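J.: this one's sequence-less:
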């Protein structure tokens, strides 16, 4: 086997390890098997539902479209895994927000070490269970009373022929059990497979939409509009390249460790750097902004308020005033970028940790001056990252409006950021495993 002595394994070494190393090969096969199991579970139907009537009754519903995106078609298929990993993701976000707001949870995360992190994970599971019960209850009640209008003057067809409390309770149990099973599979992938289980499950849900996207491209190409397909696919590839560069982009703040003496040994001054990511919030600002974008549409559908219906109509890229959509979406992305960056990076903690380690930024005094300097740098990076996220959101929409094509069909900013981010993280974990195997082989020699 060809072994690279550099820090990063070569592609040849990585594939050789994946084929020959029993440990890595086993992890990859476990991951693939569990992902296939979850995907098959989406198509195990919940009994007692008229699926044709369901499709007619909820066609074009923005909330169902948003949830269907993260469940990989689970809501439209009405399988027992319809909720998928959504309750666990919601619970993780809630715990992250509560950890920043509640000192007790913050101490548990920072001071208790591995035991504290396990306790927070256990709390997250209970919150996910409660969230799954809430979501499945609302979904079951909504489906139980829904009716489909198949034609003008024709009587509406009930989505659930035998509607009632028994159906609601059965649907709640099926959805909650399916969601908890998916959550367990995600943790099993994290522990015994490759990559982060929850992220890979979302990755799988997004990838499941690729065949329909490619089908749209082939249909447009068959109509003689090959130039449109080439332009949109070129935009798609350029966006992937740009996302990779920006996701991996960091601002390296130089830091210096003071000279110190341990026993009789004198350690010289050492130089290092403090990495601050350009897009510290990842995909979360876009997810929050998308939720805020569909909120007026949801409220308009529930209340039938004319003012809300008109406002929700403006918040669409195909509206008569697209600049309203652009300004609102960009404003939400910038707001949530700063909000999420404040949760992920704490300049005060960073300054205190540098001081405890005997490190300082050249030309900046330790303490308050360091905190203010890190805040200034972080604010500039967050603004640049927010504009990047806004560009990623709007470029596919602008390209489709310019050429009059519909290839992406929702496969836009959020999808690309998640796909690229999860792919990079999983590749890094595989490379880390290959490096560990390399050094184990060197020790045995």
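T.: On my side now, so go ahead. All figures in this text were calculated on a predicted structure; none of them were measured in a lab.

J.: okay, CA-based contacts and neighbour counts for the rest of this
T.: Will do.

J.: how near is the nearest residue to residue 270 once chain neighbours are set aside to residue 316?
T.: Distances taken as C-alpha to C-alpha, 6 or more residues apart in numbering put residue 257 closest to residue 270, at 5.1 Å, once the chain neighbours are dropped. Separation of residue 257 from residue 316 (C-alpha to C-alpha, to the nearest Å) stands at 52 Å.

J.: which residues does the residue nearest to residue 270 bridge with?
T.: Here residue 257 sits in beta bridges with residue 270, residue 359, as judged by DSSP bridges.

J.: ok, it - contacts?
T.: Taking C-alpha atoms under 8 Å, 6 or more residues apart in numbering, we find residue 257 in contact with 269-272, 357-360.

J.: how many other residues sit next to the nearest residue to residue 148 once chain neighbours are set aside?
T.: The shortest distance from residue 148 to any non-neighbouring residue, by C-alpha to C-alpha, 6+ apart, is to residue 57 (4.5 Å). Residues near residue 57, counting by other C-alpha atoms under 10 Å, number 20.

J.: need the contact list for residue 57.
T.: Residues near residue 57 by C-alpha under 8 Å, 6+ apart: 146-149, 159.

J.: next, it: phi, psi?
T.: With angles defined as degrees, to the nearest 10, residue 57 sits at phi -70, psi -30.

J.: residue 386 now?
T.: When quoted as degrees, to the nearest 10, the phi and psi of residue 386 stand at phi -70, psi -40.

J.: pretty sure residue 425 contacts residue 194?
T.: No - shown here, residue 425 and residue 194 do not form a contact pair, counting by C-alpha atoms under 8 Å, at 9.9 Å.

J.: and stretch 110-119, which residues are buried?
T.: Buried residues in stretch 110-119, counted by 16 or more other C-alpha atoms under 10 Å: 116-117.

J.: run through who's touching that stretch.
T.: 108-109.

J.: just the buried positions in stretch 94-106, please.
T.: Within stretch 94-106, the residues that count as buried by 16+ other C-alpha under 10 Å are 95-96, 99, 105-106.

J.: which ones among those residues lie within helices?
T.: Using DSSP state H, 95-96, 99, 105-106 are the members of these that sit in helices.

J.: and the strands in the stretch 51-200 of the chain?
T.: Counting by DSSP state E, counting those that start in this stretch, the stretch 51-200 of the chain has strands at residues 147-148, 157-158.

J.: list the buried residues of the helix or strand harbouring residue 229.
T.: Residue 229 belongs to helix 226-247 when assigned by DSSP states H and E. Judged by neighbour count using 16+ other C-alpha under 10 Å, the buried positions of helix 226-247 are 228-229, 232, 235-236, 239-240, 243-244, 247.

J.: quick check: phi and psi at residue 44.
T.: Per degrees, to the nearest 10, the backbone of residue 44 is at phi -80, psi 110.

J.: please read the previous query as pertaining to residue 354.
T.: phi -60, psi -40.

J.: touching, it and residue 360? I think so.
T.: Yes - Residue 354 is within contact range of residue 360, at 6.3 Å (criterion: C-alpha under 8 Å).

J.: got a list of what the closest residue in space to residue 133 that isn't next to it in sequence touches?
T.: In space, and not counting its chain neighbours, residue 133 is closest to residue 176: 6.1 Å by C-alpha to C-alpha, 6+ apart. Neighbour list for residue 176: 83, 129, 132-133, 136 [criterion: C-alpha under 8 Å, 6+ apart].

J.: quick check: the farthest pair among those?
T.: Using C-alpha to C-alpha, the two most remote members of the contacts of residue 176 are 83 and 129, lying 11.5 Å apart.

J.: look at these two and report which has more neighbours.
T.: Comparing residue 83 with residue 129 by other C-alpha under 10 Å, the one with more neighbours is residue 83, at 29 against 20.

J.: measure the nearest residue to that one once chain neighbours are set aside to residue 198 for me?
T.: Spatially, and ignoring its direct neighbours in sequence, residue 83 is nearest to residue 179 (5.7 Å; C-alpha to C-alpha, 6+ apart). To residue 198, residue 179 is 12 Å away according to C-alpha to C-alpha.
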